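S.K.: take this sequence and fold it.
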Amino acid sequence: MATRAQPRQLYPAGSAGAEALATGGAASAEGPGRSGPLQDETLGVASVPSQWRGVQGIRRETKSCQTASIATAEAAAQTWKHVDAEVQTEAPVPVGVLPASQYDGPRLAAFLRRVEAMVIRELNKNWQSHAFDGFEVNWTEQQPTVTCLHTLGYPPAQGQGLHVTSVSWNTTGSVVACAYGRLDDGDWSTLKSFVCAWNLDRRGLNPQQPSAVVEVPSAVMCLAFHPTQPSHVAGGLYSGEVLVWDMSHPEDPLLWRTGLTDDTHTDPVYQVRAVGCCWGPPLPEPRHSHRFQVLSAATDGKVLLWQGLGAGQLQLTDGFALVVQQLPRNTKLRKPPRGETEVGATAVAFSSFDPSLFVLGTEGGFPLKCSLAAEEAALTRRPSSVPLRAPAQLIFSPHGGPIYSVSCSPFHRNLFLSAGTDGHIHLYSMLQAQPLASLQLSHKYLFAVRWSPVRPLVFAAASGEGDVQLFDLQKSSQKPTVSIKQTQNESPVYCLEFNHQQTQLLAAGDAEGTVKVWQLSTEFTEQGPRETEDLEQLAAEVAT
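M.R.: Presented below is the predicted three-dimensional model:
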């Protein structure tokens with residue numbers, strides 16, 4: 001409904017207009033048909049059609065979207081075959097004896113009598129045959145003969161141009177230690193050096209960062225681990241001192257030292273070895289338990305036995321002196337220069353069968369068979385707190401120069417090897433002066449030789465031409481089975497040691513300050529069926 005206001009009526013001015021104005025605001029009483037001047041009026045509805053809806057209706061589009069019809073398939077699987085099985089114990093049915101009609105006794109007996117002689121003859125032939133002697137079935141996969149597992153070094157020592165003069169494995173076989181020093185010409189008495197150890201079983205092994213490092217005021221010439229205490233190691237110095245360290249206490253590793261006394265060696269110590277079962281008297285502290293005596297050999301002609309005291313001092317308990325006048329006269333030796341009577345010791349090896357028997361290598365090139373039980377007093381004027389004795393029992397035919405290394409066979413009580421500056425390895429028997437065999441391995445020096453701990457006819461040698469050579473006398477007695485190139489510039493290899501626990505490992509140290517750990521194949525670690533007999537035959541042939 002819409003309302004519309006009436007048009008406004010104008011009144012004349014004056015009283016008549018005022019009256020009209022006064023009465024014009026109310027409904028007039030003149031009747032309903034008349035409208036007052038300001039009264040609302042109801043009119044008809046006016047509608048206007050929407051043009052927008054019409055336009056939108058014209059433009060409207062209808063669209064639809066539908067996925068393609070879905071393909072369906074039905075499949076069914078069912079076992080088409082099944083088996084039922086039952087197990088039930090039942091009373092055994094006795095086996096009946098075959099009727100006599102099913103076999104022919106006389107014919108079977110005749111056949112056995114007819115073939116008996118032939119079968120016995122063939123069995124005897126097989127029993128006496130040697131066609132398969134030495135044959136072994138190898139079920140393991142063949143590996144390269146020798147591979148390098150680790151290349152170890154200590155950069156500060158290598159930066160000083162120091163050599164690896166000695167290597168040693170601890171009793172567990174997991175730690176290898178090396179001594180840094182110098183073996184070439186020069187005065188190295190004031191040269192600071194190092195003893196380093198690597199635990200090869202440790203995770204994240206850094207070959208250039210040893211597990212333990214000990215600084216030493218003089219060049220270290222030799223090294224030897226304790227036989228039962230994994231962290232204790234003894235070393236011999238260029239200054240003549242002998243020291244014992246505990247590598248598990250890097251902040252204070254020194255246990256004992258000989259000091260500079262009248263008993264101390266006056267020349268470089270070239271070999272230290274463990275003797276007996278302890279380094280010193282048992283003490284309540286666990287750090288000082290499981291000690292043994294240390295044997296040291298030096299070029300001043302003395303072989304000394306030391307034992308540790310609680311005050312950190314190594315005390316001399318026994319000693320020997322090598323004097324030319326007291327050497328056995330079973331071979332001709334060069335007459336020493338006037339005034340020189342001491343025979344310098346350069347290498348030591350103990351027998352695996354007699355703990356009192358040992359072999360010494362000397363500067364003069366001849367090996368000496370010696371005994372800790374010798375009683376003859378040594379003819380020396382050197383001061384000593386204990387009487388020194390003459391240990392030599394037999395002198396062997398010499399090399400053409402000083403001996404750097406000796407090694408006793410762990411499989412035969414009479415056999416040992418020696419290596420010298422003449423480039424030869426000699427195989428000796430304790431029973432005679434002449435060598436059983438002589439092998440020329442190098443035109444330069446040979447610095448080390450070691451018997452294998454698991455193969456009776458295998459040994460290794462370190463040469464001045466940078467090679468590690470492995471010999472198997474069962475294959476050849478004249479040339480090495482394998483020659484390993486340790487250094488690329490032919491720098492000398494000064495030392496090597498087999499691992500007696502992990503027998504496939506061999507460590508070698510060289511003039512570049514590097515220790516390489518080589519892994520040997522089963523060819524060098526598994527003993528052949530007749531190897532021990534061949535070694536016995538080799539020793540017996542020469543001794544007769």
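S.K.: in stretch 178-197, what counts as buried?
M.R.: Buried residues in stretch 178-197, counted by 16 or more other CB atoms under 10 Å: 178-183, 188, 191, 193-197. In this view, the C-beta of every residue, glycine as well, is placed from N, C-alpha and C.
S.K.: tell me which two of those residues sit farthest apart.
M.R.: Between any two of those, the greatest separation by CB to CB is 21.9 Å, found for Trp188 and Ala197.
S.K.: that older thread, among the buried residues of stretch 178-197, show me the least confident.
M.R.: Ranked by pLDDT, the buried residues of stretch 178-197 bottom out at Trp188 (58).
S.K.: which neighbours in the sheet does the one helix or strand Leu295 maps to have, and how are they oriented?
M.R.: Assigning secondary structure by DSSP states H and E places Leu295 in strand 293-298. With DSSP bridges as the test, strand 293-298 is paired with strand 269-275 (antiparallel), strand 302-308 (antiparallel).
S.K.: columns secondary structure and distance to Gln160 on top of the buried residues of stretch 178-197, output as TSV?
M.R.: Below are those laid out as TSV (DSSP: H, G, I helix; E, B strand; the rest coil; distance: CB to CB, whole Å):
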residue	secondary structure	distance to Gln160
Cys178	strand	14
Ala179	strand	14
Tyr180	strand	8
Gly181	strand	11
Arg182	coil	9
Leu183	coil	14
Trp188	coil	11
Leu191	coil	8
Ser193	strand	8
Phe194	strand	9
Val195	strand	14
Cys196	strand	13
Ala197	strand	19
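S.K.: Throw the residues you listed into TSV and include distance to Phe225, thanks.
M.R.: Output for these, formatted as TSV (distance: CB to CB, whole Å):
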residue	distance to Phe225
Cys178	12
Ala179	12
Tyr180	16
Gly181	18
Arg182	22
Leu183	21
Trp188	24
Leu191	24
Ser193	18
Phe194	16
Val195	11
Cys196	13
Ala197	9
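S.K.: doesn't Glu533 lie inside a helix?
M.R.: Yes: under DSSP: H, G, I helix; E, B strand; the rest coil, Glu533 sits within a helix.
S.K.: tell me which residue is most central in the protein.
M.R.: In the chain, the residue lying closest to the centroid (CA atoms, centre = their mean) is Leu200, at 4.2 Å.
S.K.: number of residues surrounding the closest residue to it other than its chain neighbours?
M.R.: Once flanking residues are discounted, Leu200 sits nearest to Ser174: 5.8 Å by CB to CB, 6 or more residues apart in numbering. Residues near Ser174, counting by other CB atoms under 10 Å, number 16.
S.K.: and the residue nearest to Ser231 when sequence neighbours are not counted, how close does it get to Lys192?
M.R.: Closest residue in space to Ser231, ignoring its immediate chain neighbours: Ser248 at 4.0 Å, by CB to CB, 6+ apart. Taking CB to CB, to the nearest Å as the measure, Ser248 and Lys192 are separated by 23 Å.
S.K.: would you agree Leu436 is in contact with Ile425?
M.R.: No: in this structure, Leu436 is not within contact of Ile425 by CB atoms under 8 Å, at 11.1 Å.
S.K.: quick revisit: within the helices and strands, which one has the residue nearest to Ser231?
M.R.: Using DSSP H and E, Ser248 falls outside every helix and strand.
S.K.: before we move on, what about Val359?
M.R.: strand 357-362.
S.K.: direction included, what does that strand pair up with?
M.R.: strand 345-350 (antiparallel), strand 368-371 (antiparallel).
S.K.: neighbouring contacts of the strand holding Leu295?
M.R.: By CB atoms under 8 Å, 6 or more residues apart in numbering, the surrounding residues in contact with strand 293-298 are 224, 234, 236, 240, 242, 244, 265-276, 278-279, 303-307, 314, 317, 344-348, 360.
S.K.: quick one: it to chain centroid distance?
M.R.: Distance of strand 293-298 from its chain centroid, counting by CA atoms, centre = their mean, to the nearest Å, is 28 Å.
S.K.: check the spacing between the closest residue to Gly236 other than its chain neighbours and Leu295 real quick.
M.R.: With sequence-adjacent residues excluded and distances taken as CB to CB, 6+ apart, Gly236 is closest to Val269, at 2.8 Å. With distances taken as CB to CB, Val269 is found 10 Å from Leu295.
S.K.: how about residues contacting the helix or strand containing Gly509?
M.R.: Assessed by DSSP H and E, Gly509 sits inside strand 505-510. Identification of contacts with strand 505-510 by CB under 8 Å, 6+ apart yields 149, 163-167, 169, 173, 176, 178, 460, 462, 466, 468, 486-487, 491-499, 515-520.
S.K.: go on, stretch 433-447?
M.R.: With contacts defined as CB under 8 Å, 6+ apart, stretch 433-447 is touched by 183, 330-331, 394-397, 401, 404-405, 415, 419-421, 423-429, 461-465, 467, 469, 471, 477-478, 480, 492-495, 538-539, 542.
S.K.: tell me which residues in that stretch are buried?
M.R.: Of the residues in stretch 433-447, Ala433, Pro435, Leu436, Leu439, Leu441, Ser442, Lys444, Tyr445, Leu446, Phe447 count as buried by neighbour count, 16+ other CB under 10 Å.
S.K.: so the nearest residue to Trp518 once chain neighbours are set aside bridges to which residues?
M.R.: Once flanking residues are discounted, Trp518 sits nearest to Leu506: 4.6 Å by CB to CB, 6+ apart. Assessed by DSSP bridges, Leu506 has beta-bridge partners Phe498, Trp518.
S.K.: what number of residues lie near Leu506?
M.R.: Neighbour tally, Leu506, other CB under 10 Å: 26.
S.K.: next, the contact list for Pro253, please.
M.R.: Ala212, Val214, Trp245, Asp246, Met247.
S.K.: apply 6 Å and report the result again.
M.R.: Each residue near Pro253 by CB atoms under 6 Å, 6 or more residues apart in numbering is listed here: Val214, Trp245, Asp246.
S.K.: for the first one, give me its contacts.
M.R.: With contacts taken as CB under 6 Å, 6+ apart, Val214 has the following neighbours: Val195, Trp245, Pro253.
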